[in-house]
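Asker: what's the 3D shape of this:
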Amino acid sequence: GSARIGSAPPAPPLWGPDIPPANHPPGFPPAGGPPPRPVGFALRGGGAGAVHLDQLAVHPDHGRRGVGGRLLEAVCDHAASTGVAAVTLTTFRDVPWNGPWYAQRGFGVLDPAEWGPELAALVAHERELGIELAPRVVMRRVL
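Answerer: Numbers count the residues shown, from 1 in each chain. Okay, the predicted model is just below:
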């Protein structure tokens, strides 16, 4: 798993359309999938004036239907509602559903000089786990 910045709880998953709307997590639209199984999730942490997206995943049976985009926007909306300035993440630069996908959604690559101590520690931890920076990047979306 990835290191966490801060101790924010994970964002709730999107749930299937057969779950009554009263039981949907606040701010999350229903998505396909038999109840009560989630079809995707976003794991977030926070620190240094940003929310950090630790992980975003969508079940392959529900890919390319906008679930990941809705989860990402829910994380960004949550971050904005708490008054933080940005959402950060680390990802693979060249994998189409990683770096390029986030770039299409307003994230830009951060130069190492812009990381700050918490992101630098996260990158160091990823390297210790065997996840090399190249071709990984740190990205940020200013809210």
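
Asker: what are the phi and psi angles of the residue most central in space within the chain?
Answerer: The residue lying closest to the centre of the chain (CA atoms, centre = their mean) is L53, at 3.4 Å. Per-residue torsions, L53: phi -80, psi 100 (degrees, to the nearest 10).

Asker: contacting residues for the nearest residue to it once chain neighbours are set aside?
Answerer: Computed as CB to CB, 6 or more residues apart in numbering, the closest residue to L53 that is not its neighbour in sequence is L89, at 4.1 Å. C-beta coordinates here come from the backbone N, C-alpha and C atoms, glycine included. Shown in contact with L89 (CB atoms under 8 Å, 6 or more residues apart in numbering): H52, L53, D54, Y102, F107, V138, M139, R140.

Asker: out of those residues, who's the most crowded?
Answerer: Within these, most neighbours by other CB atoms under 10 Å means H52, with 29 neighbours.

Asker: any idea how far the longest helix that the chain contains is from the middle of the chain?
Answerer: Counting residues, the longest helix in the chain under DSSP state H turns out to be helix 67-81. Remark: helix 67-81 is offset 8 Å from the chain centroid, using CA atoms, centre = their mean, to the nearest Å.

Asker: keeping just the C-alphas, turn it into PDB.
Answerer: Extracted C-alpha coordinates of helix 67-81, given in PDB (Å, rounded to 0.1, in the frame of the first residue of the first chain):
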ATOM      1  CA  VAL A  67     -16.700   6.300 -12.100                       C
ATOM      2  CA  GLY A  68     -13.100   7.300 -11.700                       C
ATOM      3  CA  GLY A  69     -13.800  10.900 -12.800                       C
ATOM      4  CA  ARG A  70     -16.700  11.200 -10.400                       C
ATOM      5  CA  LEU A  71     -14.600   9.800  -7.500                       C
ATOM      6  CA  LEU A  72     -11.800  12.200  -8.400                       C
ATOM      7  CA  GLU A  73     -14.200  15.200  -8.500                       C
ATOM      8  CA  ALA A  74     -15.700  14.100  -5.100                       C
ATOM      9  CA  VAL A  75     -12.200  14.100  -3.600                       C
ATOM     10  CA  CYS A  76     -11.500  17.600  -5.100                       C
ATOM     11  CA  ASP A  77     -14.900  18.900  -4.000                       C
ATOM     12  CA  HIS A  78     -14.200  17.600  -0.500                       C
ATOM     13  CA  ALA A  79     -10.800  19.200  -0.400                       C
ATOM     14  CA  ALA A  80     -12.200  22.500  -1.600                       C
ATOM     15  CA  SER A  81     -15.000  22.400   1.000                       C
END
